[in-house]
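S.K.: Got a sequence here, can you build the structure:
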Amino acid sequence: MTPPVIRVRFAPSPSGLLHVGNARTALFNFLLARGQGGTFVLRVEDTDTERSSRASEDGIKDDLRWLGLQWDEGPDIGGPYPPYRQSERMERYRLAADRLIMAGRAYYCFCSGEQVEQERAAALAAGRPPRYSGRCRALDVAEVTRRRAAGEPAALRFAVPANRDVTFTDLVRGDVTFHTDVIGDPVIVRSGGGPAYNFAVVVDDAEMAISHVIRGEDHISNTPRQILIYEALDWVPPVFAHLSLVMGPDHAPLSKRHGATSVSEFRARGYLPEALVNYLALLGWSPGEGQELVAMADMARRFDLTRVSHSAAVFDVEKLAWVNRHYMKEADPDRIAALTLPWFVAAGMVGDGGAEALRAVQSVWPMAIGAVDRLEEVPARVAFVFGWDPVEARRLVAAEPDGTRVVAAFADAVGDQVLTRESFRAAATRAREVTGVKGRALFHPIRVALTGWDSGPELDLAVPAIDQVAAVLADVPNCATRARLSSQ
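M.R.: Next up is the predicted model:
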């Protein structure tokens, strides 16, 4: 038997930044498509002209590319079902609306917003579902024609059939049923001519041959309306899967009050894309086999919608940090240095980000690996290499019982040599032999003399980096170990 053709879509509204919850939806769509040899479609739902912008669309696309979620069809690359922006599909919505009118499945509604709101408030006060009463549904053709000819504003509503159940099988939640008595007749074309969401999305998904609709659980109540529109247009609905929402630690929907919420914010703070992707995949899905750290290709191979949980997914920044630390350790050091360089430039530690600056960052990265959660923290971790306070260093050395003696012996052992890990260890061993001091009493005075810090990275990494960076950035004062030691 031939397996079904998988066509999925991610359809963001370009009215802001890409929220990590929406990024997870895009990821799950992408994983299903890649794992099943299907097609991942990017469609831009930009009919909200007041809030939508091309800048927002470009930002969302940039974030998706950064995450590695490259689409197969979309507004920038085309495909067999263009156009891929809703604002460019108005004629398609008009034709579908005409079909519904001709079939008696849609009607014009002249009710004002105030009237609809009054009906809604009255229904809620009476304990009834807040649905439209259908007062314009019974208007005869002559009255509708007259009022429209007079220029009276009118929306187009879909005529929901009475007294029936609408049932669909959700791949995450099982069978879901709504009765039409609680749905009401939804607006499908606004009085200004723009399509409403529940109408446009049906036309788009049907005409783009979307096989599976994977989206957030906040769309569950929209699904019966959409299924009824599919039926009225003689189209076959796709398979639906509704994901739980991404929550904050307090189990409220993840929002600004919980901290960073957009992909661009996590990106700007120095999280790696592979780390964010891996973590987002764990929000409501398990790759199985007791694993949590899984590469994208392996996730796609294992991904199965039936293994997606319908329980709330809580965004844990500490868990994300753990995942990010793993991927920073695994990443190519040269790539990490290049990604970290802009933070060094912004901190004024290196110049304009040229080749010498990159070499300096490459020299200090081994000190930061395993000690930071994200790339933006690296400059602060290694700041002593680029700047040093001799007054503070002398104060800290003097506070050590054998500080002055140890530093003098270490300085003699160093001489004029440029330190490596091996020569640093040899010099420290020589200082121990000369002074008879060992352990913390030996190494702590050396640390404070050369770094001006009471704690920090391993000395056999930190001390050689001072000479390495000084050799690269000759215009940075007071970086060489010999210069620092001579000031004690």
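S.K.: ranges for the helices of the stretch 51-200 of the chain?
M.R.: Listed in chain order, the helices found in the stretch 51-200 of the chain under DSSP state H, counting those that start in this stretch are 54-67, 90-102, 113-125, 141-149, 197-207.
S.K.: For the ones you listed, give me JSON lines that also has distance to residue 159, mean pLDDT and mean neighbour count.
M.R.: Bear in mind the C-beta positions are built from the backbone N, C-alpha and C, glycine included. Output for these, formatted as JSON lines (distance: least, Cβ to Cβ, whole Å; pLDDT from 0 to 100; neighbours: other Cβ atoms under 10 Å):
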{"stretch": "helix 54-67", "distance to residue 159": "34", "mean pLDDT": "97", "mean neighbour count": "18"}
{"stretch": "helix 90-102", "distance to residue 159": "8", "mean pLDDT": "98", "mean neighbour count": "15"}
{"stretch": "helix 113-125", "distance to residue 159": "16", "mean pLDDT": "83", "mean neighbour count": "13"}
{"stretch": "helix 141-149", "distance to residue 159": "13", "mean pLDDT": "94", "mean neighbour count": "12"}
{"stretch": "helix 197-207", "distance to residue 159": "13", "mean pLDDT": "98", "mean neighbour count": "22"}
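S.K.: Just put the ones you listed in CSV and tack on distance to residue 33.
M.R.: Shown next, in CSV, are these (distance: least, Cβ to Cβ, whole Å):
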stretch, distance to residue 33
helix 54-67, 13
helix 90-102, 24
helix 113-125, 40
helix 141-149, 44
helix 197-207, 15
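S.K.: So for residue 443, which of the ones you listed sits nearest?
M.R.: Minimum separation from residue 443 across these (Cβ to Cβ) falls at helix 54-67, 41.9 Å.
S.K.: Which residue, neighbours along the chain excluded, lies closest to residue 386?
M.R.: Of all residues not flanking residue 386 in the chain, residue 349 sits nearest, at 4.2 Å (Cβ to Cβ, 6 or more residues apart in numbering).
S.K.: about what we covered before: of the helices of the stretch 51-200 of the chain, which approaches residue 266 most closely?
M.R.: Nearest to residue 266 among the helices of the stretch 51-200 of the chain is helix 54-67; the distance by Cβ to Cβ comes to 9.5 Å.
S.K.: where's residue 197 relative to residue 13, distance?
M.R.: Taking Cβ to Cβ, to the nearest Å as the measure, residue 197 falls 9 Å from residue 13.
S.K.: quick one: common contacting residues for the two?
M.R.: Common neighbours of residue 197 and residue 13, using Cβ atoms under 8 Å, 6 or more residues apart in numbering, are residue 45.
S.K.: Tell me, how many residues neighbour the residue lying closest to residue 84 once chain neighbours are set aside?
M.R.: The shortest distance from residue 84 to any non-neighbouring residue, by Cβ to Cβ, 6+ apart, is to residue 75 (4.2 Å). Residue 75 has 19 neighbours, counted by other Cβ atoms under 10 Å.
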